[in-house]
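**Q** Give me coordinates for this.
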Amino acid sequence: MPNWITNELTIDTNAVSKSIKEELKFYVSKDDDGKEGLDFDRVIRMPPSLQITAGGSVEEAMAVIKGDLKFFSERLKWWKGKGSWLEKEGIKTAKALMEHSRKRLSEKELGEGKTAIENLRKYGHKDWYDWCCANWGTKWNASDTHWNDNSVSFLTAWAPPDPVIQKMADETGHAIQNMWFDEGDVEDVHYTTFSPNSGDN
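**A** Purely as a prediction, here's the structure:
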């Protein structure tokens, strides 16, 4: 489980006459329980093809499709001498391990490997995890949103969503302040102000 970051956003009340929920309404969606929360995908949209398995079999499938013998050579070194299944299967070379993987991987896994390669080419990221960390600043969407008239609080994994807040400031034309802290250190509170179209904070 990640460390959770508590974020609390406020907008300068002298600059707006609406509630923060009204000001940010274009970035709100309902969860499965009908609760309205901030939705990072409404701020910075993630391409749908990135919604594939992160890591594991997809990395292996990518290596099979690309014929990446270095990937399998490293795996072979790791498994060797551990009394592993490689000896039982008679696998002694990276090429043999790659062919074993090609037969073992399912059509779905190989399909996701192809998608991951295409995603890398198009978007610079192979899956949702890499893309979210780079574009949202955190691996998951906002959770546990609570609205007040002048503030909204929510949780994120590991880090605050700086790129998302900057984009909201740019699009609303209002400076947004984030007061945030890590669940592991609630006394160390940070304040970051995002000014419209500044690109920095």
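
**Q** list the buried ones in the helix or strand Pro163 falls within?
**A** Per DSSP states H and E: Pro163 is located in helix 162-172. Judged by neighbour count using 16 or more other C-beta atoms under 10 Å, the buried positions of helix 162-172 are 162-170, 172. Quick note: C-beta positions are derived from backbone N, CA and C, even for glycine.

**Q** Likewise for stretch 54-65?
**A** 54, 57-64.

**Q** Among the residues you listed, give me the pair with the biggest separation.
**A** Between any two of those, the greatest separation by C-beta to C-beta is 17.5 Å, found for Ala54 and Val64.

**Q** Please enumerate the helices of the protein.
**A** Using DSSP state H, the helices of the chain run over 20-23, 57-66, 69-79, 85-89, 94-104, 107-123, 128-135, 162-172.

**Q** what comes into contact with the fourth one?
**A** The list of residues contacting helix 85-89 from outside it, by C-beta atoms under 8 Å, 6 or more residues apart in numbering, reads 76, 79-80, 92, 97, 100.

**Q** which of those are buried?
**A** Buried among the contacts of helix 85-89 by 16+ other C-beta under 10 Å: 76, 97, 100.

**Q** Would you convert the residues you listed into TSV that also reports distance to Pro196 and pLDDT?
**A** Output for the buried ones among the contacts of helix 85-89, formatted as TSV (distance: C-beta to C-beta, whole Å; pLDDT from 0 to 100):
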residue	distance to Pro196	pLDDT
Leu76	53	84
Leu97	53	86
His100	55	88
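
**Q** Break the chain down into its domains, please.
**A** 4-44+136-194, 49-128 (automatic domain parsing).

**Q** returning to that earlier point: of the contacts of helix 85-89, closest to Lys122?
**A** Using C-beta to C-beta, those come closest to Lys122 at Leu97, 29.3 Å.
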